[in-house]
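Q: starting from these lines, generate the structure:
(chains A and B)
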Amino acid sequence: MRILMRAALIVLLWLAGIRGVLADKPVFKLEIRNHLFFPEVLVVPANTRIKLLVRNHDPSPEEFESYELNREKVIMGKRNAVIFIGPLLPGEYPFFGEFHPETALGTVIAE
Amino acid sequence: MAQKLYILRSYRVLCLVLCLSSEAVADGTVIDKVYHPYVQPLERELELRSSIERDSAKTAAETQVYRLGYGQSLNDYWFAEGYLIGQQQQDNSLRLQAFELEALWQLTEQGEYWADWGMLFELEKARSQNIMEFSSALLIEKEWGRWTGTANLHAIYEFGEEINNEFETALATQLRYRYQRSFEPALELYKGQNTLGLGPVVTGTVLLGDRRQLYWEAGAILGLDSDTADQTYRLLLEYEF
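A: Numbering: from 1, shown residues only, chains lettered A, B, ... in the order given. Sure, this is the predicted structure:
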């Protein structure tokens, strides 16, 4: 029981710490059309956690994948998804669509 | 400055997790696998996992346990997997010992909060004995640039006619460096009542095209007390399609 209470305490402390991080993340939009990302280049602030709203206009699913951003997320056809990235050091971070890696390509530039 | 704050907060939470683990009371070895709190829709996988324990203090030279599993995501947040668990016998034959069902629940989006959260539920049934085990675990993952820290806090209940009903806890942690997709070195720590082990692990993913990939893990966990096997070698292969 003591261990469970400690676990609950840890969760509460963590959630308390989370509140500060939740405040006002910059929001960016990314669209998928005809198996292409729009825009292909996304410039975002460095050292900041950002919220990426992704809209897949295609009827088929696509997967946003980037080892450099440490993210992979499937976006079903005609659906929206949210991807949180960062905080990023200044630099370029490529991403691609795993369902259409030949055409669905893009880069996040943090500056 | 923000980076320093993250590191300080991470250190504070790591200390809290280690405090919790110091009172863990798990039975038997808990060296197995560190779970990550993420689910991808449309994902299916075949998994082969083995652990080989070697202990100079035991009469049996080594214990080998194998798990063969099939899993698939049910939606954006749930992943289910079933396993057959076999153990090598003294005559070197492999015998089916148990069945296991597992469900992973992703609680938060990756990167949404200070850390990423998930839950794992497991139900294991021995094949020829009336012994069952139900386990739930809190999965926590946090990234610091190329470093990723993961902790699994398990609460386990063993029950049945051929075992003393018992509640146990266990901890599994991993600190991983994301060097490149196909090769990521890591350090893992396992803690339970009869287990205290620490050792290096390497993991990697090989993309095979058409959304198919092979994920692998290999590690050698060294026993840090007299109850834990001297070495536990663990191997994992996942074919995702």
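
Q: closest residue of chain B to chain A?
A: residue B:111 (3.5 Å; C-beta to the nearest C-beta). C-betas here are computed from N, CA, C, even on glycine.

Q: look at that residue and report its pLDDT.
A: The score at residue B:111 is 95. That number is its pLDDT.

Q: cool, residue B:63 as well?
A: 87.

Q: can you name the next helix or strand after the longest strand along chain B?
A: If you go by DSSP state E, chain B has its longest strand at strand B:195-209. Going down the chain from strand B:195-209, the next helix or strand is strand B:212-223, by DSSP states H and E.

Q: re the thing from before, wait, a helix at the residue of chain B closest to chain A?
A: No: under DSSP: H, G, I helix; E, B strand; the rest coil, residue B:111 falls outside any helix and is assigned coil.

Q: ignoring the adjacent residues along the chain, who's closest to residue A:96?
A: Nearest residue to residue A:96 in three dimensions, chain neighbours excluded: residue A:105, at 5.1 Å (C-beta to C-beta, 6 or more residues apart in numbering or on different chains).

Q: neighbours around the one you found, how many?
A: 14 (other C-beta atoms under 10 Å in any protein chain shown).

Q: quick revisit: what comes up buried for the longest strand of chain B?
A: Neighbour-count burial for strand B:195-209 flags B:195-197, B:199, B:201, B:203-205 (criterion: 16 or more other C-beta atoms under 10 Å in any protein chain shown).

Q: OK, contacts around the residue of chain A found nearest chain B?
A: Of all residues in chain A, residue A:84 sits closest to chain B, at 3.5 Å by C-beta to the nearest C-beta. Applying C-beta atoms under 8 Å, 6 or more residues apart in numbering or on different chains to residue A:84 gives the contacts A:25, A:49-52, B:109-112.

Q: next, it: secondary structure please.
A: strand.

Q: is it bridged to anything, and to what?
A: residue A:51 (DSSP bridges).

Q: do the same with residue B:121
A: Going by DSSP bridges, residue B:121 forms beta bridges with residue B:103, residue B:136.

Q: run a quick neighbour tally on it.
A: Neighbours of residue B:121 under the rule other C-beta under 10 Å: 14.

Q: that one touches residue B:136, doesn't it?
A: Yes: using C-beta atoms under 8 Å, residue B:121 is in contact with residue B:136, at 5.2 Å.

Q: look up the closest residue to the residue nearest to the spatial centre of chain A, ignoring the ones flanking it.
A: By C-alpha atoms, centre = their mean, chain A has its centre lying nearest to residue A:83, at 2.5 Å. Excluding its sequence neighbours, the residue lying closest to residue A:83 (C-beta to C-beta, 6+ apart) is residue A:52, at 4.3 Å.

Q: so the one you found sits against residue A:30, correct?
A: Yes: here residue A:52 reaches residue A:30: they are 5.7 Å apart, a contact under C-beta under 8 Å.

Q: which of these two has more residues huddled nearby?
A: Ranked by neighbour count (other C-beta under 10 Å), residue A:52 and residue A:30 place residue A:52 first, with 25 against 21.

Q: can you give me the distance of the more buried one to residue B:143?
A: 16 Å (C-beta to C-beta, to the nearest Å).

Q: ok, now residue A:95?
A: 16 Å.

Q: between the two, which is the more surrounded one?
A: Each of residue A:95 and residue B:143 has its neighbours counted (other C-beta under 10 Å); residue A:95 has more, 25 against 18.
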